[in-house]
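In: have a look; sequence and predicted model below, questions after that.
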Amino acid sequence: MTANDYLESAKKQFEYYKMLGDKTFSQIQDENLFWQYNENSNSIATIVKHLWGNMLSRWTDFLTTDGEKEWRNRDAEFENDITTREELLDKWEEGWNCLFNALNSLTTADLQQEIYIRNQGHSITEAINRQLAHYPYHIGQIVFIGKMATDNNWASLSISKGNSNTYNANKFSKPKQKGHFTDEYLKKK
């Protein structure tokens, strides 16, 4: 895999996980964006606020400043103070835009640089992979809460229960394709 292939693959992975969040938001009622199982758990809105804060901190001036910005207040990200769907979606989009702007500005030559997160050195690949592990963890939480909130009205975001054979038969009836996260795949999901 070339460096350029890696960057394209990383972008497609991030796009896929953003899409899972987008499709979850579209299925749930506004009040369920703010629901918490108990006082020690996070609502979808709180998780979005944390992702937003992390994305702005990590991806702003990605190549030139530490990924843990002095202006970030991580603890405040867990205060459930988002009050509307619009505010939640604005933060969601702002975070992802920051991430994609940074990724889209990278060149293969940039992959040779070292950056810092909390004063710890990372290769560019390590820094990207770190976020590719962190964000899906939280997006999985968003999807899980969304699935619970919609109960029997949930539309599966993957192969629905009991449909593996049909899904596989469809996939194997077509010519081999390069990569899992093709543009066609992202559009269909």
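Out: Received the coordinates, thanks.
In: what are the ranges of the strands in the chain?
Out: 114-117, 120-123 (DSSP state E).
In: poorly predicted segments of the protein, please.
Out: Counting by pLDDT under 70, the low-confidence segments of the chain come to 179-189.
In: buried ones in the lengthiest helix in the chain, by neighbour count?
Out: What stands out as the longest helix in the chain, according to DSSP state H, is helix 124-150. Neighbour counts over helix 124-150 (16 or more other CB atoms under 10 Å) mark 124, 127-128, 131, 135-136, 138-139, 142-143, 145-147, 149 as buried. No exception for glycine: its C-beta is placed from N, CA and C like everyone else's.
In: His134 versus the nearest residue to Lys147 once chain neighbours are set aside, what's the distance?
Out: Leaving aside its sequence neighbours, Lys147 sits nearest to Trp154 (CB to CB, 6 or more residues apart in numbering; 4.9 Å). Remark: distance between Trp154 and His134 (CB to CB, to the nearest Å) = 25 Å.
In: and Trp92, by the same measure?
Out: From Trp92 to His134 the distance is 15 Å (CB to CB).
In: same check, this time on Leu56
Out: 14 Å.
In: next: Ile142.
Out: Counting by CB to CB, the gap from Ile142 to His134 is 13 Å.
In: now Tyr167
Out: Distance, Tyr167 to His134, using CB to CB: 29 Å.
In: do Asp61 as well
Out: Taking CB to CB, one finds Asp61 at 19 Å from His134.
In: got the contact list for Gln177?
Out: The neighbourhood of Gln177, defined by CB atoms under 8 Å, 6 or more residues apart in numbering, contains no residues.
In: next up, phi/psi of it, please.
Out: Main-chain torsions, Gln177, degrees, to the nearest 10: phi -120, psi 150.
In: any figure for the gap between it and Glu8?
Out: Applying CB to CB to Gln177 and Glu8 gives a distance of 15 Å.
In: Asn119 and Thr65 touch, don't they?
Out: No - the criterion here is CB atoms under 8 Å, and Asn119 misses it with Thr65 at 11.6 Å.
In: ok, the two, which is more surrounded?
Out: Neighbour count, other CB atoms under 10 Å: between Asn119 and Thr65, Thr65 has more, with 13 against 8.
In: what about the more buried one? Give its phi and psi, please.
Out: Torsion angles, degrees, to the nearest 10, at Thr65: phi -130, psi 160.
In: from Asn40, how far off is it?
Out: Taken as CB to CB, the span from Thr65 to Asn40 is 33 Å.
In: how deep is the residue nearest to Asp30 when sequence neighbours are not counted tucked in, by neighbour count?
Out: Using CB to CB, 6+ apart and skipping residues adjacent in sequence, the residue nearest Asp30 is Arg85, 5.0 Å away. Per other CB under 10 Å, the neighbour tally for Arg85 reads 16.
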